[in-house]
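Novice: Predicted structure and sequence below. I'll ask about it afterward.
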Amino acid sequence: MAILDNFEEDMTYEVLVSTKNEDGSLNVKPFGLKIRDNDFIFKIFPNKTLLNIKNSDELTVYFLQDVLIFTKALTSNLDYDDLLDEINYEISCKISNMDTTIIDDGYGKNVATTIIAKPTKIIEHKKTLPIINRASNQIMELLIDFSRYEFMDVDARNNFIQKLNYSEKIIIKTGNKKHLDSLNLLKKELKQKE
Ligand SMILES: Cc1cc2nc3c(=O)[nH]c(=O)nc-3n(C[C@H](O)[C@H](O)[C@H](O)COP(=O)(O)O)c2cc1C
């Protein structure tokens with residue numbers, strides 16, 4: 001599995017993780033991934049993905065660059081065919097260890113489960129030009145904040161809205177239609193939460 005040699009240890013990769021729900025459908029959500037000695041390491045807070053991992057002992061990791069797919073995944077608006085069009089690499093993994101700890105972050109005490117997963121199968125989908133783009137970076141930062149929205153107090157929520165307005169200018173200046181679609185989807189979801 002030569003592609004694994006390309007990973008840098010201890011940096012965080014933003015990926016999509018797919019797990020199987022009880023009814024056989026897939027749950028695809030964004031997560032941070034670290035790699036050490038070819039092990040895939042996730043730190044996961046209590047959520048559906050964690051529940052599914054505990055139930056099935058396996059997960060699939062998707063590496064891709066399209067931030068609209070990340071936005072759709074986080075907001076549960078993802079169409080599996082759209083995802084398939086954008087995947088660069090798909091890596092199936094078997095869980096080898098799970099360890100739960102209490103952590104105290106900016107949002108108070110929480111339980112985090114460290115998952116260690118071993119890659120078992122790699123599928124290369126499409127090759128794309130590696131791109132660094134400011135609009136993509138802005139969207140990813142907004143998505144991370146958005147995923148913590150429920151835990152934010154009023155001040156943090158107001159800061160997030162300010163950040164969103166600031167990001168919008170960068171997105172309009174440096175992004176494309178997919179970035180604008182991501183931003184608009186995020187705004188729509190935000191309105192539903194208010
Ligand atoms: C880029 C990005 C990275 C994330 N990384 C993590 C992570 O490492 N651990 C975690 O618990 N949640 C992470 N999240 C938040 C989850 O994606 C989010 O809580 C999601 O709603 C979980 O969905 P589920 O309940 O269907 O599993 C991340 C979100 C984004 C946008």
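Specialist: Structure received. Since this is a predicted model, take the numbers as computed values, not measurements.

Novice: Around the ligand, pick out the residues from the protein.
Specialist: 14, 27, 29-32, 42-45, 47-49, 74, 140, 143-144, 147 (C-beta under 6 Å from any ligand atom). For the C-beta atoms, the positions are set from N, CA and C on the backbone; glycine is no exception.

Novice: now do 8 Å
Specialist: With C-beta under 8 Å from any ligand atom as the criterion, the chain comes near the ligand at residues 12, 14, 19, 27, 29-33, 42-45, 47-52, 70, 73-74, 76, 112, 140, 143-144, 146-148.

Novice: what about stretch 179-194, average pLDDT?
Specialist: Stretch 179-194 carries an average pLDDT of 96.

Novice: Residues touching it, excluding its own?
Specialist: 67-68, 70-72, 75, 77, 135-136, 138-139, 142-143, 146, 149-150, 164, 167-168, 171-172 (C-beta atoms under 8 Å, 6 or more residues apart in numbering).

Novice: In helices, which of those residues appear?
Specialist: 67-68, 70-72, 135-136, 138-139, 142-143, 146, 164, 167-168, 171-172 (DSSP state H).

Novice: If we go by neighbour counts, what in stretch 5-12 is buried?
Specialist: Residues Phe7 are the ones in stretch 5-12 that count as buried (16 or more other C-beta atoms under 10 Å).

Novice: Would you write a ChimeraX line that selects the buried entries of the ones in helices among the contacts of stretch 179-194?
Specialist: Applying 16+ other C-beta under 10 Å to these leaves a buried subset, and the ChimeraX line that selects it is:
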select :67,68,70,71,72,135,136,138,139,142,143,146,164,167,168,171
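
Novice: helix, strand or coil for the one residue sitting closest to the centre of the chain?
Specialist: When C-alpha atoms, centre = their mean is applied to the chain, the residue found nearest the centroid is Pro30 (1.5 Å). Put simply, Pro30 is strand when judged by DSSP: H, G, I helix; E, B strand; the rest coil.
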